[in-house]
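**Q** Sequence plus the predicted model coming up.
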Amino acid sequence: MKTYKLLLLPGDGIGPEVMGEVGRVVAWVNSTGLAAIETETDLVGGCAYDAHGEAISEAAMRLALAADAVMLGAVGGPKWDGVAYDQRPEAGLLRLRKDLELFANLRPAICYPALADASSLKRDRVDGLDIMIVRELTGGVYFGKPKEIIELPAGQKRAIDTQVYDTYEIERIATVAFDLARERRRLVHSADKRNVMKTGVLWNEVVSRVHKERYGDVTLHHILADNCAMQLVRAPKQFDVIVTDNLFGDMLSDEAAMLTGSLGMLPSASLGAADATGRRPALYEPVHGSAPDIAGKGIANPIASIASFAMCLRYSFYLGDAADRIDGAIASVLGQGLRTADIAQDGCRTVGTREMGEAIVAALNPA
Ligand code: IPM
Ligand code: MG
């Protein structure tokens, strides 16, 4: 039996509540004897700023670098609105992504049949939806230099962000997308803005070359990112894998997430390159944020976090069967009519964070 080190960074807002339910599912995995998962917990985001004056401490970074995987809850909230840019809660998350070199962000948007009516689109458009957004996560305008606001004469200022991509960054994210497509419906849409941006021109060229050289068995379509946004609400089921840069991926993944009925449902994985043994740096987190308006009330939806842990089992611990069982337990609990407040529905029972977590673990341990 293998032993894994899992670092838990619950963070701010509803983060600690939903992470508490992940703890239950970790305990379930340990009880099955499939693996021994040892957890440690540290601070990230606003709570880390309150404790140490920075959004993640050096000690927490060391733990993250040494861990087999990191689970993050959420960062940020109005309490830290006035904090300096470099210390804002989001800086902790961005540092983790950058220093762990988590260049590949996988954001599945799956519409559970039980929730198809919760979508803002008509049921027939989203029922059975299963999209994987592959977002480049360590490059582009998020990290490009210069990134600054400079003073100009006459009281004017100039703000600069830099969108920059090198060939290798595009190659490696394209490879991740094509490999994933091979396990799915063998269809990749690559979204860029080559009609306006030089980075889009290079993006397009490199993705085409990687496809031609190594992935002739996968269908590739290039799509302009704005058209992709439109097609996602017009006919989302035409997509299988969408690969795109950091900023477009940020937006398209929120859009895709909402198609499924609730941001509270969607997990994500951020992965680095695997070494020869298959070990790779990895961080798993729900797509939803810290939801300060409902923090501490015990009503947050823990499903995205639990599904993120299932992704951790799949992509870091290679326990795909256990991950399938967790995904199945989530679907079954939804099928039984249990809902948290964000996905409340007539004829269903609305439960709190803890009850939802307990129900999922109960479904994992059939009597
Ligand atoms: C996300 C979030 C982050 C991002 C924020 C919190 C920095 O929106 O993970 O999508 O913009 O990447
Ligand atoms: Mg986002």
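**A** Received it, and whenever you're ready, just let me know what you need. Ligands and ions are numbered 1, 2, ... in the order given.

**Q** low-confidence ranges in the stretch 251-367 of the chain?
**A** For the stretch 251-367 of the chain, the stretches with pLDDT under 70 are 367.

**Q** The closest residue to Lys79 other than its chain neighbours and ligand 1, how far apart?
**A** Nearest non-adjacent residue to Lys79, counting by Cβ to Cβ, 6 or more residues apart in numbering: Gly46, 6.0 Å away. Any C-beta I mention is one placed from the backbone N, CA and C, and that applies to glycine too. Counting by Cβ to the nearest ligand atom, to the nearest Å, the separation of Gly46 from ligand 1 is 12 Å.

**Q** Also Gly20?
**A** 21 Å.

**Q** Same check on Asn30?
**A** 29 Å.

**Q** right, and that residue touches Thr39 too?
**A** No - counting by Cβ atoms under 8 Å, Asn30 does not reach Thr39; the two are 9.7 Å apart.

**Q** Show me the residue of the stretch 1-150 of the chain that gets nearest to ligand 1, please.
**A** Closest to ligand 1 within the stretch 1-150 of the chain is Glu90: 4.0 Å, counting by Cβ to the nearest ligand atom.

**Q** For Gly278, the count of nearby residues, please.
**A** 9 (other Cβ atoms under 10 Å).

**Q** and Met71, what is it in contact with?
**A** Residues in contact with Met71 (Cβ atoms under 8 Å, 6 or more residues apart in numbering) are 6-9, 19, 22, 283-285, 305, 308-309, 312.

**Q** And the pLDDT for it?
**A** Listed pLDDT for Met71 reads 98.

**Q** For the residue nearest to Thr3 when sequence neighbours are not counted, what are phi and psi?
**A** Nearest non-adjacent residue to Thr3, counting by Cβ to Cβ, 6+ apart: Ala36, 4.5 Å away. The phi and psi values for Ala36, taken as degrees, to the nearest 10, are phi -110, psi 110.

**Q** doesn't Leu6 make contact with Ala36?
**A** No - contact criterion Cβ under 8 Å: Ala36 and Leu6 do not qualify, at 10.5 Å.

**Q** Other residues contacting stretch 163-173?
**A** 103-104, 134, 136, 138-141, 144-145, 197, 199, 202-203, 206-207, 210, 243, 245, 247, 273.

**Q** filter the residues you listed to the buried ones?
**A** Listed as buried from those are 103-104, 134, 136, 138-141, 144, 199, 202-203, 206-207, 210, 243, 245, 247; burial here means 16 or more other Cβ atoms under 10 Å.

**Q** Using PDB, write out the CA atom coordinates for stretch 213-230.
**A** Output in PDB follows, covering the C-alpha atoms of stretch 213-230 (Å, rounded to 0.1, in the frame of the first residue of the first chain):
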ATOM      1  CA  GLU A 213       3.200  15.500 -35.700                       C
ATOM      2  CA  ARG A 214       1.700  13.300 -33.000                       C
ATOM      3  CA  TYR A 215      -2.100  13.300 -32.800                       C
ATOM      4  CA  GLY A 216      -3.500  12.500 -36.300                       C
ATOM      5  CA  ASP A 217      -6.200  10.300 -34.500                       C
ATOM      6  CA  VAL A 218      -7.700  13.400 -32.700                       C
ATOM      7  CA  THR A 219      -9.800  15.900 -34.600                       C
ATOM      8  CA  LEU A 220      -8.600  19.500 -34.100                       C
ATOM      9  CA  HIS A 221     -10.700  22.600 -34.700                       C
ATOM     10  CA  HIS A 222      -9.400  26.100 -34.200                       C
ATOM     11  CA  ILE A 223     -12.000  28.600 -32.900                       C
ATOM     12  CA  LEU A 224     -11.800  32.300 -32.000                       C
ATOM     13  CA  ALA A 225     -12.100  32.700 -28.300                       C
ATOM     14  CA  ASP A 226     -15.100  35.100 -28.600                       C
ATOM     15  CA  ASN A 227     -16.900  32.700 -30.900                       C
ATOM     16  CA  CYS A 228     -16.100  29.900 -28.400                       C
ATOM     17  CA  ALA A 229     -17.800  31.900 -25.700                       C
ATOM     18  CA  MET A 230     -20.900  32.300 -27.900                       C
END
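
**Q** Only the buried residues of it, if you could.
**A** Buried residues in stretch 213-230, counted by 16+ other Cβ under 10 Å: 215, 218, 220, 222-225, 228-229.

**Q** Secondary structure added to those residues, as a markdown table?
**A** As requested, the buried residues of stretch 213-230 are arranged in a markdown table below (DSSP: H, G, I helix; E, B strand; the rest coil):
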| residue | secondary structure |
| --- | --- |
| Tyr215 | coil |
| Val218 | coil |
| Leu220 | strand |
| His222 | strand |
| Ile223 | strand |
| Leu224 | strand |
| Ala225 | helix |
| Cys228 | helix |
| Ala229 | helix |
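
**Q** Out of the residues you listed, which are close to ligand 1?
**A** Taking Cβ under 6 Å from any ligand atom as the test, ligand 1 is in contact with none of the buried residues of stretch 213-230.
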